[in-house]
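Asker: Pasting the sequence and the predicted model now:
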Amino acid sequence: MTVSLDRAYELHPQVALRPEPFGALAYHYGNRRLVFLRKPEVVAVVQGLSGHATLADALRAAEVDERRWPSFLKALSGLETSEIVRERASG
Amino acid sequence: MSERLVDQLKGGLDAPICLTWELTYACNLSCVHCLSSSGRRDPRELTTAEAKAVLDELRDLQVFYINIGGGEPTIRRDFFEIVEYSVANGIGVKFSTNGVAIDAPTARRLASMDYLDVQISLDGLDAATNDAVRGEGSYAMARRAMDNLAEAGFGPFKISIVVTRHNVDQLDGFKVLADSYGAQLRVTRLRPSGRGADTWHDLHPTNDQQRQIYRWLLGHGEQVLTGDSFFHLNALGEPLPGLNLCGAGRVVCLIDPIGDVYACPFVIHDQFKAGSVRDPGGFARVWRHSELFSSLREPTSAGACASCGSYDACQGGCMAAKFFVGLPLDGPDPECVGGSADASLAAVDRSAVPRPSMDHTSPVTLLRRKPARI
């Protein structure tokens, strides 16, 4: 799966995030998967997803330099595949 | 797994990822390899209120789930009360059982609960193999529990096998059995802990069988759970899935039935006791500030393994396995696939080996038989 900049996302409602020195641990209570988020900046973006109308807005709000967006898209696509984040109806 | 992440995990987390909580030392069985030498209830067992207070703490620490074991945890009269309290506080529960309490109504009750995993222990594909380790009737008991869970529509429960010399050839069969129930197979390593200290030498897989286990696990990848317990086999080549490190006191710990906190479920011994949930500051203080856990999070030296090219792959193996067979902790695992421990293991004076600190084994009861008629 690949996330798009112009779509809206959110932390999956069955997922809990626990901050850790290296970033965060994410646990999905549904599929029982534990995922390591190894970049604090990615954690910040994930936490901000639900408050923004698009992924691009969330990246801007987290002050991620546009040149680094491709690596964030890759990380977030991985998180969508493991159902840590999911698309939501925009608005 | 990146090296940086592994280093950070070795340095310890703010709270455990994988916390095992043995709820009781009471057990209806007396398995010869029981890690906690269970049998009799300990009169100092945590009360229901104390157990709930521990769960409040774990919730505040954001522990995602706990592994409940024993003894046989379902023997506690407040078992469901504790499980329901845990789940209601956002702490998922995985519990291990021999199946004794899982009749049809209980299976339906379990099936109706969210965030609950059930793990049925089975150590043989047939009654003869299983019951030799787990006791007479235990195979039938486990299968009945599985039938009831399947009938109740529980979904993918887990079947948990400890690999021994006698069941290693049954791994394919276990997988077929699990698939037939729509269950997930979990395969873990035999440790010389608890009563296992007395039986490990006769039960643990041979060196050839270790290789067989490695190939089998590699072939099944993420489909089979292992609790990351076979990382000592990574010296054989491509690493098995999972965290390749000893998690004791770093990402893992054990709370025993009386509230004592140990570095891992396999080291119930004073040397690895970090404190108690009953101490001031509770569990969080033990996890974050105990001397023992702090020392386990220090960088470790490869010790006698330093000259071996496989140390990065196997990390020297399992601390508990070394400890309870009398090997130095900074040397090779007793099941080192390179055979590095064979000579020192043979030279160990078994009478001087550390004994588990707790023994709740039930006294032997003689079966009362009707006198033969003459």
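Answerer: Ah, there it is. The shown structure was predicted, so the numbers you read here are calculated from the model rather than taken from an experiment. Numbering: from 1, shown residues only, chains lettered A, B, ... in the order given.

Asker: For the residue nearest the centre of chain A, which residues are in contact?
Answerer: Per CA atoms, centre = their mean, the C-alpha nearest to the average position across chain A is that of A:Val46, at 3.3 Å. Residues near A:Val46 by CB atoms under 8 Å, 6 or more residues apart in numbering or on different chains: A:Leu11, A:Leu17, A:Ala24, A:Leu37, A:Leu76, A:Leu79, A:Ile84, A:Val85. Any C-beta I mention is one placed from the backbone N, CA and C, and that applies to glycine too.

Asker: Spatially nearest residue to B:Lys52 (excluding sequence neighbours)?
Answerer: B:Tyr85 (5.5 Å; CB to CB, 6 or more residues apart in numbering or on different chains).

Asker: Check whether that neighbour really touches B:Val54, as I assumed.
Answerer: No - counting by CB atoms under 8 Å, B:Val54 is not a contact partner of B:Tyr85; they are 10.3 Å apart.

Asker: So the two - more neighbours on which side?
Answerer: B:Val54 (21 against 18; other CB atoms under 10 Å in any protein chain shown).

Asker: thought that one was touching B:Thr48?
Answerer: No - applying CB under 8 Å, one finds B:Val54 not in contact with B:Thr48, separated by 10.9 Å.

Asker: ok, is the lengthiest helix in chain A in contact with chain B or not?
Answerer: Criterion DSSP state H: the longest helix present in chain A is helix A:69-81. No - Helix A:69-81 lies apart from chain B when judged by CB under 8 Å from any CB of the partner chain; the minimum separation is 13.3 Å.

Asker: Give me the mean pLDDT for that helix.
Answerer: Mean pLDDT, helix A:69-81: 96.

Asker: now what about the following helix or strand past it, what contacts it?
Answerer: Sequence order places strand A:85-88 as the next helix or strand after helix A:69-81, per DSSP states H and E. Here strand A:85-88 makes contact (CB under 8 Å, 6+ apart) with A:3, A:7-12, A:15, A:46, A:49-50, A:76, A:79-80.

Asker: Repeat the analysis, applying 6 Å as the threshold.
Answerer: A:Arg7, A:Ala8, A:Tyr9, A:Glu10, A:Leu11, A:His12, A:Leu79 (CB atoms under 6 Å, 6 or more residues apart in numbering or on different chains).

Asker: can you count the residues close to the residue of the stretch 101-250 of chain B found nearest chain A?
Answerer: Of all residues in the stretch 101-250 of chain B, the one sitting closest to chain A is B:Tyr115 (5.5 Å; CB to the nearest CB). B:Tyr115: 19 surrounding residues under other CB under 10 Å.

Asker: what's the closest non-adjacent residue to the residue in chain A that chain B sits nearest to?
Answerer: Per CB to the nearest CB, A:Tyr27 is where chain A lies closest to chain B, at 3.8 Å. Distances taken as CB to CB, 6+ apart place B:Phe64 nearest to A:Tyr27, at 3.8 Å, with adjacent residues excluded.

Asker: what are the phi and psi angles of that neighbour?
Answerer: Torsion angles at B:Phe64 (phi, psi; degrees, to the nearest 10) stand at phi -70, psi -40.

Asker: Quickly note the distance from it to A:Pro21.
Answerer: To A:Pro21, B:Phe64 is 17 Å away according to CB to CB, to the nearest Å.

Asker: More neighbours: which of those two?
Answerer: Taking other CB under 10 Å, B:Phe64 and A:Pro21 do not tie; B:Phe64 has more neighbours (24 against 11).

Asker: Endpoint to endpoint, stretch B:148-156 covers what distance?
Answerer: Start to finish, the residues bounding stretch B:148-156 are 13 Å apart (CA to CA, to the nearest Å).
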